[in-house]
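In: Fold the following and give me the result.
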Amino acid sequence: MAEKLVLNKHQGQKITSFCRDCHRETKHEIVNEAILSGTEYSSGGYSTYWSTEHQIIRCLGCETFSFRKVAGTEHDFVQVGEDEYEYQPIVNVYPNPREGRQPLADVGLLPDKIQRIYEETLQSLNDTQPVLCGIGTRAIIETVCKDKNATGGDLYSKINSLVGLGVLTQDGADILHKLRTLGNDAAHEVKPHSLQELGLAFDVVDHLLLGVFILPEHAKKTFK
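Out: Residues are numbered from 1 along each chain as shown. Prediction:
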């Protein structure tokens, strides 16, 4: 297997990445880069092209430096439209900008089962265990559906039934379907998603639990 090294192909390019100091996604500049690529051959004669980009990036807001790794193969293209495909490699940033993420305030107001899987999934995110975090994200959604007596033979149908029950808006259901797919990849394909993807997924989970469980409990106590 021959490897090819290319330096600074994307130097100066602007990208979006989560900044650990700004605590949000910001524009970054690629300061330095080394790209390794090559082709692996299996015993059956099949070949797979791969590449790994190693980048030093700088936040254009606070000027914090980070290390970014982008790794993928020719199989990491996902269909996003008719005859339209998008390259979706695994992207990780070091130090982990999501490390030390805190749980929702008043997490104790969640039903016991949901609180437990939520805290375990958050721990897997903070410990940089992407496959377990993806599986846990799906498990949270499944447990919410069960708690709200959602109907349907599969998770897809149960999420849609939450709209009819008034638990979710259609926009909220569409977002949960994306998280369901993420969880499927983790559970069935053992596919690790990037920390950026999982962090965004957890933002959605936090909003879901806040709107479905925590805020209604506060409302009951406040507006008696």
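In: Helix, strand or coil: sort out E40 for me.
Out: E40 carries the three-state label strand when classified by DSSP: H, G, I helix; E, B strand; the rest coil.
In: Hmm, it is touching S51, no?
Out: No. Between E40 and S51 there is no contact under CB atoms under 8 Å: 11.6 Å. In this view, the C-beta of every residue, glycine as well, is placed from N, C-alpha and C.
In: any idea how the protein splits into domains?
Out: 3-94, 107-222 (automatic domain parsing).
In: Just give me the neighbour total for Y85.
Out: By the measure other CB atoms under 10 Å, the count of residues near Y85 is 11.
In: Disregarding residues adjacent in the polypeptide, which is nearest to it?
Out: Excluding its sequence neighbours, the residue lying closest to Y85 (CB to CB, 6 or more residues apart in numbering) is F77, at 4.3 Å.
In: now swap in F202 and tell me
Out: Excluding the flanking residues, the one nearest F202 by CB to CB, 6+ apart is L125, at 6.0 Å.
In: if we can go back for a sec, give me the more crowded residue out of E40 and S51.
Out: Set E40 next to S51 and count neighbours by other CB under 10 Å: S51 wins out with 16 against 11.
In: Which secondary structure element is home to the more buried one?
Out: strand 47-59 (DSSP states H and E).
In: and that strand, which strands flank it?
Out: Strand pairing for strand 47-59, determined by DSSP bridges: strand 24-41 (antiparallel), strand 65-73 (antiparallel).
In: Put together CSV for those, with distance to Q115 and mean pLDDT on each row.
Out: CSV is the format used below for the strands paired with strand 47-59 (distance: least, CB to CB, whole Å; pLDDT from 0 to 100):
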stretch, distance to Q115, mean pLDDT
strand 24-41, 26, 93
strand 65-73, 32, 93
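In: Reformat these into CSV and put distance to E197 next to each item.
Out: Output for the strands paired with strand 47-59, formatted as CSV (distance: least, CB to CB, whole Å):
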stretch, distance to E197
strand 24-41, 12
strand 65-73, 13
